[in-house]
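S.K.: Sequence plus predicted model, see below.
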Amino acid sequence: MTLKIVRLGTPRSAGEGLRIGTVRRPPRGVPKSEFASQDWYDVWYPNLAPSVETMKLAQAAQASGDAQAWAGFRRKFRAEMGEPDASRSLDLLAALSHSAHFSMGCYCEDEARCHRSLLRELLAERGAALG
C-alpha cells in the first residue's frame, strides 16, 4: 500500500486509488460533478493547503526563482503544518498509507516549487509509505 504525491489534473496511474486535492481552491471552470472524471480529485481537502497569505509567498518565490523567498515559504508552510489540526491530518494520512492506496496533490507544474514537495517531506518524516 502506498501514498503517491501527484499533480492534479494529470492522468491517473494504475492503482493510484482515491485522489485527494490539497489545494486552497477548486479548479476554475470545472463543474464539481466532473472533478473526479477529469482527474482533478475525488475529495477536496484544503486543510493541507497553504493559507492564502502563505500561498502568495509561494507564488512570489516561484515567479522570482529566489531561493531565499522559497526558504521563507518553506518555513511558513511547515509552521502551518505543525498546527494541531494539520499535524493530526498528516499523522492520519501517514498511517493510512500502510493499509491503502491513495494519492494527494496540487496543480503546480513543478513539484520542487510546490507545497506538495513539502507534504512529501512531512509525510516521510512521519513514516508514510510513499510511492
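M.R.: Cool, the structure landed.

S.K.: Please count neighbours and contacts with C-alpha atoms only from this point.
M.R.: Fine.

S.K.: Could you measure from residue 52 over to residue 23?
M.R.: Note on residue 52: its distance to residue 23, by C-alpha to C-alpha, to the nearest Å, is 11 Å.

S.K.: Which one's more surrounded, those two?
M.R.: Neighbours per residue (other C-alpha atoms under 10 Å) separate residue 52 from residue 23, with residue 23 holding more: 24 against 10.

S.K.: mind checking which helix or strand of the chain has the lowest mean pLDDT?
M.R.: helix 52-64 (a mean of 91; mean pLDDT, DSSP states H and E).

S.K.: Could you write out the alpha-carbon coordinates of that one in CSV?
M.R.: Taking C-alpha atoms only, helix 52-64 is exported to CSV below (Å, rounded to 0.1, in the frame of the first residue of the first chain):
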residue,chain,number,x,y,z
VAL,A,52,-3.9,32.4,1.4
GLU,A,53,-1.0,34.5,2.8
THR,A,54,1.4,31.7,2.6
MET,A,55,0.3,30.7,-0.9
LYS,A,56,1.1,34.3,-2.0
LEU,A,57,4.6,33.8,-0.7
ALA,A,58,5.0,30.6,-2.7
GLN,A,59,3.7,32.3,-5.9
ALA,A,60,6.1,35.2,-5.5
ALA,A,61,9.0,32.7,-4.9
GLN,A,62,8.0,30.7,-7.9
ALA,A,63,7.8,33.8,-10.1
SER,A,64,11.1,35.2,-9.0
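
S.K.: Quick check: what element follows it along the chain?
M.R.: Remark: after helix 52-64, the chain's next helix or strand is helix 67-81, criterion DSSP states H and E.

S.K.: so how far is that following helix from its chain's centroid?
M.R.: Relative to its parent chain, helix 67-81 has a centroid offset of 15 Å by C-alpha atoms, centre = their mean, to the nearest Å.

S.K.: right, and the helix or strand after that helix?
M.R.: Defined by DSSP H and E, the subsequent element after helix 67-81 is helix 84-96.
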